[in-house]
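Chemist: here's a sequence, model it:
(chains A and B)
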There are 2 protein chains.
Amino acid sequence: MKKYVYSFINGKAEGSATMNKLLGGKGANLAEMTNLSIPVPPGFTISTDVCTYYMKHNRFPKGLKAQVSEAINKLESYMKKQFGGINNPLLFSVRSGARQSMPGMMETVLNIGLTTKTTSALIKKTNNPQFVYDSLRRLMMMYADVVIEKSNYTQIKHPGIRVELEKILEETKRKYSFNNDSDLTEQALIEVCDLFNQTIKQRFKIEFPNNASTQLWGAIEAVFKSWNGKRAFEYRNIENIPHTWGTAVNVQCMVFGNMGKKSATGVAFTRNPSTGENEFFGEWLPNAQGEDVVAGIRTPQPILNNSKKDLKYQMPAVYQELYEVQSKLEKHYKEMQDLEFTIENQKLWILQTRTGKRNGIATIKIALDMYKEKLQSQSEIIAKIEPDHINEILLPTINESTVKNLNPVGAGLPAGPGCATGQVVFNPQDAEEQYNKGNKVILIREETSPEDVQGMFVSNAILTSRGGMTSHAALVARGWGKCCIVGCNELIIDYDNNQAFLNQQIIKRGDWITLDGSKGLIYKKQLPLIKPALKKNIIFNSLLNMLNKKRALLVRTNADQPKDAQAALDMGASGIGLCRTEHMFFDKERIKIMRQIILAPNKKKRRESIMQLLPYQKTDFYQILKTMDSKPVTIRLLDPPLHEFLPTQKKQIKDLAIELKISVKKLEAIIDNLHELNPMLGHRGCRLGITFPEITEMQTRAICEATIQLLKKGLKPKPEIMIPLVGNIEEFINQKKIVIKTIKTIKTKHKIKYLNIKIGTMIELPRACFIANKIAQHADFISFGTNDLTQTTFGFSRDDIGSFLPQYLEQNILSNDPFQHLDETGVGELIKIAIKRAKSTNSKIKIGVCGEHGGDPKSINFLSKMGIDYVSCSPYRVPIASLTLSKISR
Amino acid sequence: MKKYVYSFINGKAEGSATMNKLLGGKGANLAEMTNLSIPVPPGFTISTDVCTYYMKHNRFPKGLKAQVSEAINKLESYMKKQFGGINNPLLFSVRSGARQSMPGMMETVLNIGLTTKTTSALIKKTNNPQFVYDSLRRLMMMYADVVIEKSNYTQIKHPGIRVELEKILEETKRKYSFNNDSDLTEQALIEVCDLFNQTIKQRFKIEFPNNASTQLWGAIEAVFKSWNGKRAFEYRNIENIPHTWGTAVNVQCMVFGNMGKKSATGVAFTRNPSTGENEFFGEWLPNAQGEDVVAGIRTPQPILNNSKKDLKYQMPAVYQELYEVQSKLEKHYKEMQDLEFTIENQKLWILQTRTGKRNGIATIKIALDMYKEKLQSQSEIIAKIEPDHINEILLPTINESTVKNLNPVGAGLPAGPGCATGQVVFNPQDAEEQYNKGNKVILIREETSPEDVQGMFVSNAILTSRGGMTSHAALVARGWGKCCIVGCNELIIDYDNNQAFLNQQIIKRGDWITLDGSKGLIYKKQLPLIKPALKKNIIFNSLLNMLNKKRALLVRTNADQPKDAQAALDMGASGIGLCRTEHMFFDKERIKIMRQIILAPNKKKRRESIMQLLPYQKTDFYQILKTMDSKPVTIRLLDPPLHEFLPTQKKQIKDLAIELKISVKKLEAIIDNLHELNPMLGHRGCRLGITFPEITEMQTRAICEATIQLLKKGLKPKPEIMIPLVGNIEEFINQKKIVIKTIKTIKTKHKIKYLNIKIGTMIELPRACFIANKIAQHADFISFGTNDLTQTTFGFSRDDIGSFLPQYLEQNILSNDPFQHLDETGVGELIKIAIKRAKSTNSKIKIGVCGEHGGDPKSINFLSKMGIDYVSCSPYRVPIASLTLSKISR
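Modeler: Sure thing, here's the model as predicted:
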């Protein structure tokens, strides 16, 4: 006969923590604790095998009933009570327990075993009829809901039985003018139980079972059935839990914390879940049940705070036992534990132990401490730290309690993490003006463009109605670690009147709003934020040190300003993988020159204008190379379509026309002529450097001269030049020639013999992947620009994806946004082809990834197996990338 | 000793036509004719080996001089003349002759051997001093130019020696008041020769060599050197002729057609080059040299026109011999020949034979006749017909003579073939109005959009300042076989004043212009056009019949109107490979409905509006399926971004706002919100069908109902539904589900048991190629949309490529426009991957190509090897595709 039932009684359990698969998480832990001689209410676990058998055959396997009977017999003789008995009645709780926790998804029934007979017996025994009837009415409510209604009806009539019974309870309270459930007298509770009986009978045409065994089997069956309940099923789909696992059922003797002053209930953590400090921490309530702690009707007391209210003072012996238990459990599980306990007449019972939830900094603190305490290895603690823990440290967050009862006014894509609050403005100029007046602003735009960067920079957060996770706004904000929500499609902006409409609400200029950039939620209110006091604290830094030593690949950063580069360096970046140069041209003086370049009437004038940019660019590169001293800095040559530098607003066009001494009409015609239908696929990248070779020359020269200046100061600059958007080997050869020629000229001019500047390209077009073998013959490095590669592979514009992506995700056409998590099927295969080909002709070529995916754990996991040398990501993603890569190197 | 010199004398040549590689085309033909006993002025060919040796070593190989001497000896003894001799001097011509004809690229020197001595001797012999001195001054001019100047100087001083000598000739003529060169008297010519001598000496510090052998070797060396002349070098680059081939040199005895009335020169064709009729055809000039025929100073006379001026009447015996020669040559070469002949004192000499140039219709007529005459096999004649021959038949052309001295005012990309003339308009509405008044118009736009289609349709041609070979204008025009030039970057349009600027010229509304869409040239004039009188003539039709039987794969057409479908059918289309449905929505009534759909406030209203389109769509499909009866028609579901259907002009927006009863501002905001940054990568294709499933449903329903209606009439409609822009298998499954469900509903409704509608998709995204195995599990067919696939593979927007493509081609970064000729490296590899994967899961899947490349011979050649079943192209490309595929099946 197969074994289906595993008992745990008095320090001896048939199961153990390793039998998680068969007994579920809760069952295995109860067995483990029993074996550790921890006082656990005795009971037994019905294995997950029974669940899978039941799902298949719709009945219980042979022999189960006998095994359960035997287990009950054992319990009865150990507890000296009888289940359904009239002398000393034994009551059971029935709880689900799957292999992986599915909080709130499955069912529980308590107080099983209360019948007309046992109720009287228990009153006699406890002399507390109110407690006994209250237990009965609770049993009836749970039983009617879980066993009768949910497990038998697929379509539940509204309102459900639970609501109906709650109503009866409320009406009775009103009738007797009671405020709380606990005020209900014996008489009132008897009345309630009678009404419950009638209602159940009327609704389901069956009686509430007045038989302990019927109750027990009903509850067991209902819990098994709840495995395939709609909610549980959907939860498993989302969490990728196999439907075949099944749940176990735990049947345990009831213990009561509400049996008087010598009884109590409580929750404890083996360490402080807020700070991570290694201190015993918890709360308790005398004469109460677990539910009462959760419901928050009475305020719990601390277990230990050196007051007369703490458990240590009130019940020193029990406290001592609890302290030893928690200490034993943490050492045993090598993990901070979260315990539930009940004290029944001075007797401590541990109802549950599990890994304790904690915030980011506590997680890291505990992990590092446990490593120091040699409780856990480095790999073990790194495995426990998640990206969100790090995000939590780096960014301000909304206090959860303040938004508990507050509905967001709208939602968009969570493009830049963290939270921010500020007053609304609708244009970048206004943002700057308000900022200069000392106001906190949030910039709302349909979409942003490089021209808006200054205004974006001074804003606390950015909200756009269009664009996807890698739209301009999202990219820029993420680079700065700034809160940002994009693609809020419901947002309709009325620029003319400085207002916007969002789900029937008007947002006016100056209104306070708060954005949760990590969740994509918009609140029409100024909410208090929790600031990250820990940005550079000791705990975080020691974590970073550990990660940076352990990570499987190098992590570079995408940064184009010394400040960002420094931030990334502080967090362990091993170089810059992508220094974009276009953002450098939007300051007032420079954009003027850029416009002269674009609108130059001839080659000579154009060259003159381009050369005016040289000193600026030289300073840019000098600063960034200096900051990153001795670490590689990959500088991408000018990439965006030229028209991005031209004004779009009437006033600006007029000003520019006056400046250039041409008519507005003519300027408009020229701008119009430069306009592209699909700029993403237009005149950009190396196509610019080929049509305007002077740009490549000027940028190379600026890089060389900045390098020489630093070399003379004794520094070790390591610039690398990246030629963007190559799809054709001739493009690369053409641009490389100009770069090399320029380097040579500068070397001669400055009488420098040796100038080590690597030259490579970004692989961001499908065609580039196919010619990677040719590219590798000429390039020192390649770096995958996975944003653009995703755009062209899918034919998705990251700026326009917002109009259909939500529906795609909703309908499961895409399982996620391919700009967030790298697409392994298409983009991944192209990368594989490219790497294989590149290495076939140049085994020493350096290979990086510098798209947004370089900061995404899922993508990093995939990419790390492909033979790359480094990933590069926004400064604030550097620790996350390091963490992910440290987990891999386990 | 290696043989370098090959003689041809009196019916015996050491070479033959097969020795083309060694002797060059001309040399091989001269040898062949000699062997055929055709009277060829005897001579010898110095092989291409000498040229390659000379290029490598910069000197002639050992033994060459001896072999040349020996050949000259043979000639002297046969001709009974001496080269450089004083009794009967022998003169030579020296001509280049490469393996492949390079017309005008290399040099010729005539009359070699004229020295002081031989001049006197020749005067004595001919008694014609004027002829002799004229020959001398010609020699001096050619020699100074070719041998002295061009072959010794890489930088030629302006003006060149030839121009300087011409000036002397002109001045002398002026001095003696002569009009023509031939008026120059002996005395004047002597004076000219003296002046020539002085000028040469002064300029080059050397004397014109007064020695026959020096002249000969100088000329031979110069011809070899001319192989690497700048012009020849560039020509070979363009024509893809290997630089290693080298040229041969032909040295031939001079014969003179200008020795009096019994001498003559002429050109003849074995068939009529204008009509292709099998009739001997040619012109001759008595007492003249070849140059005189070309110069057009005297009007040549027909060889045969039953007049007293024809050669048959004037020199019956010579005529008879010439007739026999031409007949022999054509039979021998199995190809229409173009002969040059000279008659020296009643003696016929054939100077050259080669394949005769002819126009398109003549080419086809001759080919078909030669097949009938069993001169050539079917494969042979098909190999000789080129796509341009067919184009010439189908489209109007400019009379070459009218543009001989006319410079085009500008140029652009030749997007739609043929020529057209008309009066300029700058907007589609104006085009319609003018057309309705009976005027011929040419529409000039910066770029076109689907809204302009009606105006484009009524225009004789379209000219745009932007866009590439597959921009909207180009695609639409090519579909209609309409003349079109796109991407004329110099064209600046001033819509406000109804005028445009093009290379310093103003083009105003109403001005006449003429476009040559095959060459991309713009003339600011009304030019007479040659209309294709042969569009449906017997010759063309019999060619089509032959091709359609012989072609290696099926040819379908891209057509969305019954008229186009019919045209394609007439030319042998075996079905419609791409019926776009978007063009169907631009008529006045329908676009109104489309706008209601797009702007619908809710799902219900949207559905209502969509269903209003049903009767229209049903009629569309009914007509086209009826036209194509029993042949497959692949209908692509709605593909373009929705905003294409919205108005862009202020007035239209205002009208629409009134119609929809909303404010202009609100409408503008909505339109603005639908605007996409990169519509090509935006909300289009199946993304529309997924977000608006009602569109898919409506279109499917229209197709089904049209099919049922035709079935009831006894026809055999074969619709196929193509789901566009799939990049993800879930997209296809989603849309297929809707299609199948709709088919089922319609079947039930109409009580139809069997409705065979195939469902497939277009492969137009790189990602689609990688998942082709998955697609093939669900699809009946796939068709490569190579336009879009090229766009995404390269990251090139076909509408914006104009800004850098010209420079890319100029700098050889791209060898051709990838939208014209399929890119084999990137796009080709993706197609290969896709086909392999598709067949791996569905060996029976039908595979087509429906991008513009389906009509491009080079691309068809490549694609035909990949395992596809059909290509699909514009109606007017159908015969070209058939031709290309017939050539393959040889």
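
Chemist: every contact and neighbour count from this point should use C-alpha atoms.
Modeler: Noted.

Chemist: interface residues of the stretch 451-600 of chain A facing chain B?
Modeler: A:Ile492, A:Ile493, A:Asp494 (CA under 8 Å from any CA of the partner chain).

Chemist: just the helices in the stretch 701-850 of chain A please.
Modeler: Secondary structure of the stretch 701-850 of chain A by DSSP state H, counting those that start in this stretch: the helices cover A:729-750, A:766-770, A:772-778, A:786-794, A:805-810, A:827-841.

Chemist: with secondary structure, neighbour count and pLDDT added, can I get the residues of the stretch 451-600 of chain A next to chain B in JSON lines?
Modeler: Below are those laid out as JSON lines (DSSP: H, G, I helix; E, B strand; the rest coil; neighbours: other CA atoms under 10 Å in any protein chain shown; pLDDT from 0 to 100):
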{"residue": "A:Ile492", "secondary structure": "strand", "neighbour count": "21", "pLDDT": "89"}
{"residue": "A:Ile493", "secondary structure": "strand", "neighbour count": "22", "pLDDT": "90"}
{"residue": "A:Asp494", "secondary structure": "strand", "neighbour count": "16", "pLDDT": "89"}
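
Chemist: from these, which is closest to A:Val827?
Modeler: A:Ile492 (34.0 Å; CA to CA).

Chemist: spit out the contact partners of A:Thr742.
Modeler: For A:Thr742, the contacting residues are A:Glu697, A:Thr700, A:Arg701, by CA atoms under 8 Å, 6 or more residues apart in numbering or on different chains.

Chemist: for A:Ala477, same thing?
Modeler: A:Ala415, A:Gly416, A:Ile462, A:Cys483, A:Cys484.

Chemist: with those residues in mind, which one is nearest to A:Arg606?
Modeler: Comparing these against A:Arg606 with CA to CA places A:Ile462 closest, at 35.7 Å.

Chemist: spatially central residue in chain A, please.
Modeler: A:Asp388 (5.0 Å; CA atoms, centre = their mean).

Chemist: surely that residue is in a helix?
Modeler: Yes: under the criterion used here (DSSP: H, G, I helix; E, B strand; the rest coil), A:Asp388 sits inside a helix.

Chemist: thought it was touching A:Ile361?
Modeler: No: A:Asp388 is beyond contact range of A:Ile361, at 10.3 Å (criterion: CA atoms under 8 Å).

Chemist: surely A:Tyr6 and A:Pro42 touch.
Modeler: No: with contacts counted by CA under 8 Å, A:Tyr6 stays clear of A:Pro42, the gap being 11.1 Å.

Chemist: which one of those two has more residues nearby?
Modeler: A:Pro42 (27 against 24; other CA atoms under 10 Å in any protein chain shown).

Chemist: hang on, the earlier thing: between the helices of the stretch 701-850 of chain A, which gets nearest to A:Gly15?
Modeler: Here helix A:805-810 is closest among the helices of the stretch 701-850 of chain A (CA to CA), at 42.2 Å.

Chemist: now the closest one - C-alpha only, PDB.
Modeler: Extracted C-alpha coordinates of helix A:805-810, given in PDB (Å, rounded to 0.1, in the frame of the first residue of the first chain):
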ATOM      1  CA  LEU A 805       1.800  46.700 -27.200                       C
ATOM      2  CA  PRO A 806      -0.700  46.800 -24.400                       C
ATOM      3  CA  GLN A 807      -3.200  44.700 -26.400                       C
ATOM      4  CA  TYR A 808      -0.400  42.400 -27.500                       C
ATOM      5  CA  LEU A 809       0.500  41.700 -23.900                       C
ATOM      6  CA  GLU A 810      -3.100  41.400 -22.800                       C
END
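
Chemist: buried stuff in that helix?
Modeler: Residues of helix A:805-810 classed as buried by neighbour count (16 or more other CA atoms under 10 Å in any protein chain shown): A:Leu805, A:Pro806, A:Tyr808.

Chemist: what residues does it touch?
Modeler: Applying CA under 8 Å, 6+ apart, the contact partners of helix A:805-810 are A:Leu814, A:Ser815, A:Asn816, A:Asp817, B:Thr691.

Chemist: tell me the mean pLDDT over the helix or strand containing A:Ser69?
Modeler: Secondary structure assignment for A:Ser69, by DSSP states H and E: helix A:64-79. Mean pLDDT, helix A:64-79: 96.

Chemist: check which helices and strands that helix sits against.
Modeler: Judged by 3 or more CA pairs under 8 Å, 6 or more residues apart in numbering or on different chains; DSSP states H and E, helix A:64-79 is in contact with strand A:5-9, strand A:43-46, strand A:82-83.

Chemist: chain center to the first one: distance?
Modeler: Chain-centre distance of strand A:5-9: 38 Å, with CA atoms, centre = their mean, to the nearest Å.

Chemist: distance from the helix or strand just after that strand to the middle of the chain?
Modeler: Scanning forward in sequence from strand A:5-9 by DSSP H and E, the next helix or strand is strand A:12-13. From the chain centre to the centre of strand A:12-13 is a distance of 39 Å (CA atoms, centre = their mean).

Chemist: helices and strands around strand A:12-13, which ones?
Modeler: helix A:20-35.

Chemist: just checking, what packs against the helix it packs on?
Modeler: strand A:5-9, strand A:12-13, strand A:43-46, helix A:48-57, strand A:92-98, strand A:247-253, strand A:347-355.

Chemist: who touches it?
Modeler: Identification of contacts with helix A:20-35 by CA under 8 Å, 6+ apart yields A:7-19, A:39-40, A:45-49, A:97-101, A:247-250, A:329, A:351-354.

Chemist: what about that helix, distance to the chain center?
Modeler: The answer for helix A:20-35 is 29 Å, by CA atoms, centre = their mean.

Chemist: for A:Arg837, give its distance to chain B.
Modeler: 13 Å (CA to the nearest CA, to the nearest Å).

Chemist: and the nearest residue in space to the residue nearest to the centre of chain A that is not next to it in sequence, what does it touch?
Modeler: The shortest distance from A:Asp388 to any non-neighbouring residue, by CA to CA, 6 or more residues apart in numbering or on different chains, is to A:Gly360 (7.1 Å). The neighbours of A:Gly360, taking CA under 8 Å, 6+ apart as the test, are A:Asp388, A:His389, A:Ile390, A:Asn391, A:Glu392, A:Ile393.

Chemist: repeat that with 7 Å
Modeler: By CA atoms under 7 Å, 6 or more residues apart in numbering or on different chains, the contact set of A:Gly360 is A:His389, A:Ile390, A:Glu392, A:Ile393.

Chemist: hang on, the earlier thing: mean pLDDT added to the helices of the stretch 701-850 of chain A, as CSV?
Modeler: Formatted as CSV, the helices of the stretch 701-850 of chain A follow (pLDDT from 0 to 100):
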stretch, mean pLDDT
helix A:729-750, 97
helix A:766-770, 98
helix A:772-778, 98
helix A:786-794, 97
helix A:805-810, 83
helix A:827-841, 98
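
Chemist: which one of those lies nearest to B:Ser609?
Modeler: helix A:805-810 (21.5 Å).

Chemist: format the helices of the stretch 701-850 of chain A as JSON lines; extra columns: distance to B:Ile206.
Modeler: JSON lines is the format used below for these (distance: least, CA to CA, whole Å):
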{"stretch": "helix A:729-750", "distance to B:Ile206": "43"}
{"stretch": "helix A:766-770", "distance to B:Ile206": "58"}
{"stretch": "helix A:772-778", "distance to B:Ile206": "50"}
{"stretch": "helix A:786-794", "distance to B:Ile206": "66"}
{"stretch": "helix A:805-810", "distance to B:Ile206": "81"}
{"stretch": "helix A:827-841", "distance to B:Ile206": "56"}
